[in-house]
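Peer 1: pasting the structure only:
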């Protein structure tokens, strides 16, 4: 099976496969590449609806150039992903960020959320985020404010009185509750509009249907999140392929 970076011709084949509606696995078979390679390539370059082979190839060359130009890590620097393949984790972080963006979250907010989620501590200070993401303090501050309002992060003070931003086990539940409350506000406003427009008008009927739909979705989301909340606090069971590993020699999982 071929290794190394994807060629420009392979990226053109990926773009053609996406245009034909092929699954990642089918595109991968045609190129004799792992499905994970195709998935990572597409998701880090705009997703299946926005992927362009020329832009993807140029972006990859630019990333490779930046790595070559980057200053060597100081001997006493703390590794960002200890015990793991830093390049693989970095690539996954890009993919994870792109997937979060595809759900509608702005890029900087998605980068901060992904960075926090992929740390073992689930907690970083503003200066640590600035250093890891190589962005300005103002960008981090704006992103954290947005994420805090949406329930994706919470703030706390550490022993040095520094503010830390935390993604803990309950954050995803809390963010869903924020989303459900936001839907409820749309429901209430839509029903106000029904009265304003007159119940017998087509516009009012449309608003009432919107209100009924979102009311049902919000209630279902809240109920399902409450029922599944314990999953966020449960240690995952080992996968079958992990059971055979010797605990003393098993490698860390990213």
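Peer 2: Yep, it's here. All of these numbers come straight from a predicted model, not from anything done at the bench.

Peer 1: Give the full set of residues in contact with the nearest residue to residue 108 once chain neighbours are set aside.
Peer 2: Excluding the flanking residues, the one nearest residue 108 by Cβ to Cβ, 6 or more residues apart in numbering is residue 143, at 4.6 Å. To be clear about C-beta, it is placed using only N, CA and C from the backbone, and glycine gets the same treatment. For residue 143, the contacting residues are 106, 108-109, 111-112, by Cβ atoms under 8 Å, 6 or more residues apart in numbering.

Peer 1: wait, which of these is closest to residue 201?
Peer 2: Taking Cβ to Cβ as the measure, residue 201 lies nearest residue 106 of those, at 36.3 Å.

Peer 1: Do I have it right that that closest one meets residue 146?
Peer 2: Yes. Counting by Cβ atoms under 8 Å, residue 106 touches residue 146, with 7.3 Å between them.

Peer 1: Would you mind telling me which of the two has the busier surroundings?
Peer 2: residue 146 (17 against 12; other Cβ atoms under 10 Å).

Peer 1: Would you tell me what helix or strand that one is located in?
Peer 2: Secondary structure assignment for residue 146, by DSSP states H and E: helix 137-149.

Peer 1: Can you give the distance of the helix or strand that that helix is followed by from its chain's centre?
Peer 2: Downstream of helix 137-149, the next assigned helix or strand under DSSP H and E is strand 154-157. On the basis of Cα atoms, centre = their mean, to the nearest Å, strand 154-157 sits 21 Å off its chain's mean C-alpha point.

Peer 1: Parallel or antiparallel, which strands does strand 154-157 pair with?
Peer 2: Next to strand 154-157 in the sheet, as set by DSSP bridges, lie strand 163-166 (antiparallel).

Peer 1: Nearest residue to the middle of the chain?
Peer 2: By Cα atoms, centre = their mean, the chain has its centre lying nearest to residue 100, at 3.3 Å.

Peer 1: what's the pLDDT at it?
Peer 2: At residue 100, the model reports a pLDDT of 85.

Peer 1: any low-confidence regions in the chain?
Peer 2: Along the chain, segments meeting pLDDT under 70 span 1-3, 63-83, 238-254.

Peer 1: Can you tell me how far the residue nearest to the centre of the chain is from residue 208?
Peer 2: Per Cβ to Cβ, to the nearest Å, residue 100 is found 33 Å from residue 208.

Peer 1: And for residue 231?
Peer 2: Distance, residue 231 to residue 208, by Cβ to Cβ: 35 Å.

Peer 1: Between the two, tell me which one has more neighbours.
Peer 2: Neighbour comparison, residue 231 and residue 208: the larger count goes to residue 208, with 16 against 11 (by other Cβ under 10 Å).
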